[in-house]
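Enquirer: coords please:
(one chain, ligands or ions: 1)
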Amino acid sequence: MGAPSSPYRWSITSNSDDLNERLGRYIFDVSQSSIEHHGRFVLATSGGSLPKSFASALARAVSSGLNLRTECWHVFYADERHVALDSADSNHAATLLALGGAPWWRATMHPIDPSLPLDACADAYSGEVLEHVIDGAFDLVLLGMGPDGHTASLFPGHPLLADPTLRVAPISDSPKPPPSRVTLTLPLINASRAVAFVALGEGKAAQVASIAAGSTDLPSALVRQSSPGGVTWFLDPPSASLLPSAK
Ligand code: 6PG
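Expert: The predicted structure follows:
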């Protein structure tokens, strides 16, 4: 784990089994302290490769004998594509597919309502999020990072990065297809009691190194918060390869 002066914790895993073990243990720890503190665990998760990492990590935790108590979980999406919930592009569909009907999965899931027009859909999602989070904050937001440094659906140079008011926003010009999405914004992500990125592969190495060096150019570098949970980065050897500690 990282140097004390860093705003980040670095979890550099050696292989997928190690990633599953560490990520599973991490999510378990945050979930149990949230359930003990306020009776539920309110999580936002992402798309891309994250549904697979998420499901594999949880399966690993369960097979290690941990009782996740998923009946106390409320699962939202840090970003979601404005498509039908059974579309191959839907992060909700990808998450359900990755979980594969696991018998231990009893969470209450909160997908967007894609039957609403985009702006109304984001408004409705904002209301649902704010109704369920405790003291205006998620317990955990799980994020990925794109090769351009985007996270959730917050892209480099996009005006949403500077919006101080919206907590959940529509976006209709996402450079990553599909273009219409609903995303959490930085004020809500940064208010979360804990945030974790899972960034895997060589295509993320330069961005990870730049963020570790303190650059604030990339959207992912703007995810910073001061709560005790902090921001933890789960990396694999290729994505960590340009970190000074990995050389
Ligand atoms: C989405 C995302 C997006 C994703 C990153 C990283 O497009 O739905 O949530 O922000 O997390 O693009 O994706 P990978 O993990 O596949 O690189």
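Enquirer: Please identify the residues of the chain in proximity to the ligand?
Expert: Taking C-beta under 6 Å from any ligand atom, the part of the chain that reaches the ligand is made up of 46-50, 79, 91, 144-146, 150-152, 176. Backbone N, C-alpha and C define where each C-beta goes, glycine included.
Enquirer: Most neighbours of all those residues, which one?
Expert: Among those, the one with the most neighbours (other C-beta atoms under 10 Å) is residue 152, at 31 neighbours.
Enquirer: partners of the spatially most central residue of the chain in the sheet?
Expert: Centroid-nearest residue in the chain: residue 142, 2.0 Å away (criterion: C-alpha atoms, centre = their mean). Judged by DSSP bridges, the bridge partners of residue 142 are residue 196.
Enquirer: Whatever helix or strand residue 128 lives in: which residues count as buried?
Expert: Residue 128 belongs to helix 118-132 when assigned by DSSP states H and E. Within helix 118-132, the residues that qualify as buried are 118, 121-123, 125-126, 128-129, counting by 16 or more other C-beta atoms under 10 Å.
Enquirer: same question, stretch 16-35
Expert: Applying 16+ other C-beta under 10 Å to stretch 16-35 flags 19-24, 26-28, 30-32, 34-35 as buried.
Enquirer: where's it relative to the chain centroid, distance-wise?
Expert: Relative to the centre of its chain, stretch 16-35 is centred 13 Å away, using C-alpha atoms, centre = their mean, to the nearest Å.
Enquirer: what does that stretch rub up against?
Expert: Outside stretch 16-35, the residues that touch it by C-beta atoms under 8 Å, 6 or more residues apart in numbering are 11, 13, 40-43, 53-54, 56-61, 64, 66, 68-69, 72-73, 139-140, 142, 193-194, 196, 198, 200, 229, 232, 234, 236.
Enquirer: Can you tell me which of the buried residues of stretch 16-35 end up in helices?
Expert: Taking DSSP state H, the ones among the buried residues of stretch 16-35 that sit in helices are 19-24, 26-28, 30-32, 34-35.
Enquirer: returning to what we had before: turn the buried residues of stretch 16-35 into TSV, columns for pLDDT.
Expert: Listed next are the buried residues of stretch 16-35 as TSV, based on pLDDT from 0 to 100:
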residue	pLDDT
19	98
20	98
21	98
22	98
23	98
24	98
26	98
27	98
28	98
30	97
31	98
32	98
34	97
35	98
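Enquirer: Could I get the average pLDDT for the helix or strand harbouring residue 11?
Expert: Using DSSP H and E, residue 11 sits in strand 8-12. On average, the pLDDT along strand 8-12 is 95.
Enquirer: show me where pLDDT drops low in the protein?
Expert: By pLDDT under 70, the low-scoring segments of the chain are 1-5, 225-228, 246-247.
Enquirer: Which stretches in it count as helices?
Expert: Using DSSP H, helices in the chain cover 16-38, 50-63, 91-99, 118-132, 186-191, 205-212.
Enquirer: between those helices, which one is nearest to residue 180?
Expert: Among these, the nearest to residue 180 by C-beta to C-beta is helix 118-132 (5.3 Å).
Enquirer: Name the residues that touch the closest one?
Expert: Against helix 118-132 from outside (C-beta under 8 Å, 6+ apart): 40, 42, 74, 76, 80, 82, 110, 112-114, 116, 136, 166-170, 172, 180, 182, 184, 188.
Enquirer: do that again at 10 Å, thanks
Expert: 40, 42, 44, 74, 76-77, 80, 82, 108, 110-117, 136, 138, 166-172, 180-185, 188 (C-beta atoms under 10 Å, 6 or more residues apart in numbering).
Enquirer: ok, of the contacts of stretch 16-35, which come out buried?
Expert: Of these, these count as buried by 16+ other C-beta under 10 Å: 11, 13, 40-43, 53-54, 56-61, 66, 68-69, 72-73, 139-140, 142, 193-194, 196, 198, 200, 229, 232, 234, 236.
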